[in-house]
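1. attaching a predicted model along with its sequence, questions to come.
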Amino acid sequence: MNFKKLLSVFLCITLLISIFSNALFVIAEEINNKDTVMIGTITEPGENKVGVIIRPDAKREGKVITIADKTIVTVTGSKNDLNNEKNATTNITYLWYAITYTNGGKTYSGYVREDMITVTKYTIDKTFEEQLSDFPESYHEALTILHAQYPNWAFQADKINITFNEAIALESVYPRKLIMDKNAISWASMGDGWYNWSTGVFATADANLKGASREVIAYYMDPRNFLNPNDIFIFMKQSYDAASQNIDGVRKIIAGRKLFENYNDPNDTAYGGDFAAVIMEAGKQSGVSPYILASTIIQEQGSEGNALAKGYNYNGTVVYNFFNVKASGNSSDQIIKNGASYAYNQGWTTRSAAIIGGAKFYGNSYLNRGNSYNPANPYYNQDTYFYKNYNILDKNKISHQYAQNVADSLSSAKNLKSLYTTDYTTPLVFRIPVYANDSLPKENTILPENNSKLNNYYLNNIVVDGLTPSFTRYEYNYALRVEGDTTVQVDVPDKASLVSATTYPLVQGDNTIKITVKSETGFTNDYIINVNATAPCQLTLTTGAIKPPRLLGDVDGNGKITISDLVLVRMHLLELTTLKDDNKTAADTDVNGKITISDLVLVRMHLLELVNLNKK
């Protein structure tokens, strides 16, 4: 090769490197530009032909983070394929995008190869920041990115008149919220009514489901976890809108589900035997979005439907109940019969009658309650999936909620994503709760790990003379008056731990002592003792199981006084046995420090109900 040819090749290679480097620089510059946001849509089938595998790094090897399909993501960076794998068509090394996204309330981060994602640059509307003044600062970034993608969407701040912790406490009451995974012990509540501490058995409700822990409830009630294109629809207003809702959208939601096949019924032809047409009509008559109605039917019935959707013979009449209205009970049979009874009384003898009637019930129960939206009015409508599941608009009507499933709002809304996230022009309104006193934690609330650990952050007992009120496991505030150095015994459950201090110097006057218990799952709970000290002194905490005081006369320690205890005292007096320790103390019924015939007489009199040895 002569010098001119060699120079020519060198210059070509240099030019290609320059072009490629400049392209990478432009990509990096766009990703890092604070005036823009890079959003990717994963649409192409991946290596498994089902969805795109999200990898931990820029190569096809390595563990699978998750599999994404038709998912919207935020692009945070990019780099070349670490194995120098090239596109077979262009012979250029593949570029991988670093992405992050939240779907189903869970956040994923990883890498996607460039041929499996479509990346679009959006300009941040800096004037939009002014429209966010009613939202806490922690909402702003997510809402700004959503606005960049969907400029016709409106976000409405709903001022809630209770704090975040108050809302969690209201939703934690038995039997309000349930977890659907029967094996998720770490998600289960051990709160009041939800757990039997004597037997170690969880209480259940509605199909033997456990109660949701306050940490799981907190996760689903923190709006910031769902301010993304995949989950935002839990906050979408659900009113009927002829301009943006049509029969094609309904068909898209119900497509491929056996539930909506085989409508043939000569007695029900008003809407052409077409489920989509019936659902559209139900939306018009009820004032509820037909997309919401279709999604709710799927949520209630699944893909194939239960007996109420297929037609149930009740009192000789076939009835339908697609929304499972009033279908409740302690067994599957009772649930179906109760739902059928309601349908029978309503005259829901055709599919269309049941869908339209159920839609009206839904609308009247949630969307059309009270007055039009007014933040000063606590009775405004539950017209989002979030408010249907968590009626924090009016704490006095907290029980008026659509479902006990703690994640119902999220699972209900998933059918709407595909309708709207590819349509950038539809004007939608989202009502997003803002809790009183800016009371959300600084960081987004996380979903606890799903494992077999216990949320046992409750004390078994606090023992000290003068504690008021008397200790109960679910009472967290106490008062105590001390006149000198004092020891307080605390009984911590097995596999839980005390993580607060064990010694507290007290000043004369009022002092606040916080006893913090850490559960096996790693979460904590606080008990407060307000201590009034007559003089400077010290309070000391000691831990360990606290035995309940032995009853006088209960010599064998079985918790009750019987003829066996009388026999033991008699045998001790006859020197046929020797009572020791707690047994000896219980036999000393007159508390004179020794066991005599008087003690035997007192036990006998107690058995004859002539005296009560333990009456205070």
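-> That came through fine.

2. going forward, measure contacts and count neighbours with C-alpha atoms only.
-> Fine.

3. can you count the residues close to A212?
-> The number of residues packed near A212 is 32, by other Cα atoms under 10 Å.

4. low-confidence regions, the stretch 501-616 of the chain specifically.
-> Within the stretch 501-616 of the chain, the ranges that satisfy pLDDT under 70 run 547-548, 616.

5. ok, which stretches of it are strands?
-> Assigned by DSSP state E, counting those that start in this stretch, the strands in the stretch 501-616 of the chain fall at 503-506, 509-518, 524-533, 537-543.

6. which helices and strands does the shortest one pack with?
-> When you say that, I think you mean strand 503-506. Applying 3 or more Cα pairs under 8 Å, 6 or more residues apart in numbering; DSSP states H and E, one finds that strand 503-506 contacts strand 537-543.

7. let me see the contact set for the nearest residue to N405 once chain neighbours are set aside.
-> Take N405 and drop its neighbours on the chain: the residue closest to it by Cα to Cα, 6 or more residues apart in numbering is L178, 5.0 Å away. Counting by Cα atoms under 8 Å, 6 or more residues apart in numbering, L178 makes contact with 205, 209-212, 404-406.

8. quick revisit: just tell me which of the strands of the stretch 501-616 of the chain ends up closest to N389.
-> Proximity to N389, assessed across the strands of the stretch 501-616 of the chain by Cα to Cα, is greatest for strand 524-533 (25.8 Å).

9. in that closest one, what's buried?
-> Within strand 524-533, the residues that qualify as buried are 524-527, 529-533, counting by 16 or more other Cα atoms under 10 Å.

10. hmm, back to that, now the contacts of L178 in a markdown table, with distance to S365?
-> Converted to a markdown table, those look like this (distance: Cα to Cα, whole Å):
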| residue | distance to S365 |
| --- | --- |
| A205 | 23 |
| L209 | 25 |
| K210 | 26 |
| G211 | 25 |
| A212 | 25 |
| Q404 | 16 |
| N405 | 18 |
| V406 | 20 |
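
11. in strands, which of those residues fall?
-> Applying DSSP state E to the contacts of L178, the entries found in strands are 205, 209-210.

12. turn those residues into a markdown table, including pLDDT.
-> A markdown table is the format used below for the ones in strands among the contacts of L178 (pLDDT from 0 to 100):
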| residue | pLDDT |
| --- | --- |
| A205 | 82 |
| L209 | 91 |
| K210 | 95 |
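
13. write the ChimeraX selection for whichever of those are buried.
-> Buried members of the ones in strands among the contacts of L178, defined by 16+ other Cα under 10 Å, are picked up in ChimeraX with:
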select :205,209,210
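
14. pLDDT score for the residue nearest to Y174 when sequence neighbours are not counted?
-> Leaving out its chain neighbours, the residue that sits closest to Y174 by Cα to Cα, 6+ apart is G193, at 5.8 Å. G193 carries a pLDDT value of 93.

15. do the same with the one 4 residues further on
-> Confidence at W197, expressed as pLDDT, is 92.

16. is it true that L602 touches D588?
-> No - contact criterion Cα atoms under 8 Å: L602 and D588 do not qualify, at 9.7 Å.
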